[in-house]
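Chemist: Everything below, folded, please.
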Amino acid sequence: MMQLNIRGQQPEKIGRWVLYALMAVIAVVFALFFLVGYDRPYEENPNFSEPWLTGTVVSFVLLLLLVAVIVAVWSVVKSLHARQRELTNDNGVPARRIALGVSVGALIIMVVTWLVGSSREMLINGHPFSDSFWLKTADMFVYSVLILLAATIVAVIYSSYRSRHNQQT
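Modeler: This is a model prediction of the structure:
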């Protein structure tokens, strides 16, 4: 039996193989979803289709989301824990303070956008949807992405302007 020894491997190589395996599994799941029983009509409304593997795809996506959240939390905790043992400045850059600021800032943005999000009932596929938690959660993701995207654009413009200004002086 072959044993997997990842202790001596470079992180980039392990990450690459995990990415390849994940892409292969995703391709297989979605190929099966679209190729097996995709044309089956929905019993309650024949205008809609009800693929056989819808539950499988939803479960797979929820599993991927759960794994992503666990890895993200583990990464933040590991990063902050590693920074506690190091100096607060890394070559003059306050790396620990930046990591903590980004983590806390993202959390604050998500909490605020969830609180601001709308819980007004929506009409989806002709049926009313009124679960306020999920409506607010969907708004939270949309608003958070827009805010973080705008912040990224501002940071890139500022960084570009600052680097050009420093080169001229």
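Chemist: other SSEs contacting the host helix or strand of residue 138?
Modeler: In this structure, residue 138 sits in helix 132-168 according to DSSP states H and E. Counting contacts by 3 or more CB pairs under 8 Å, 6 or more residues apart in numbering; DSSP states H and E, helix 132-168 packs against helix 95-116. The way it works is simple: take the backbone N, C-alpha and C, and place the C-beta from them, glycine included.
Chemist: so how far is the helix it packs on off the chain centroid?
Modeler: 15 Å (CA atoms, centre = their mean, to the nearest Å).
Chemist: Kindly export that helix (C-alpha atoms) in PDB.
Modeler: Extracted C-alpha coordinates of helix 95-116, given in PDB (Å, rounded to 0.1, in the frame of the first residue of the first chain):
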ATOM      1  CA  ALA A  95       2.500  42.900   9.800                       C
ATOM      2  CA  ARG A  96       0.600  41.700  12.900                       C
ATOM      3  CA  ARG A  97      -1.400  44.900  13.100                       C
ATOM      4  CA  ILE A  98      -2.300  44.700   9.400                       C
ATOM      5  CA  ALA A  99      -3.400  41.000   9.700                       C
ATOM      6  CA  LEU A 100      -5.500  41.800  12.700                       C
ATOM      7  CA  GLY A 101      -6.900  44.900  11.100                       C
ATOM      8  CA  VAL A 102      -7.900  43.000   7.900                       C
ATOM      9  CA  SER A 103      -9.500  40.200   9.900                       C
ATOM     10  CA  VAL A 104     -11.400  42.400  12.200                       C
ATOM     11  CA  GLY A 105     -12.300  44.900   9.400                       C
ATOM     12  CA  ALA A 106     -13.800  42.100   7.200                       C
ATOM     13  CA  LEU A 107     -15.800  40.800  10.200                       C
ATOM     14  CA  ILE A 108     -17.100  44.300  11.000                       C
ATOM     15  CA  ILE A 109     -18.100  44.900   7.400                       C
ATOM     16  CA  MET A 110     -20.000  41.600   7.200                       C
ATOM     17  CA  VAL A 111     -21.800  42.300  10.500                       C
ATOM     18  CA  VAL A 112     -22.800  45.800   9.500                       C
ATOM     19  CA  THR A 113     -23.900  44.700   6.000                       C
ATOM     20  CA  TRP A 114     -26.000  41.900   7.500                       C
ATOM     21  CA  LEU A 115     -27.600  44.400   9.900                       C
ATOM     22  CA  VAL A 116     -28.300  46.800   7.000                       C
END
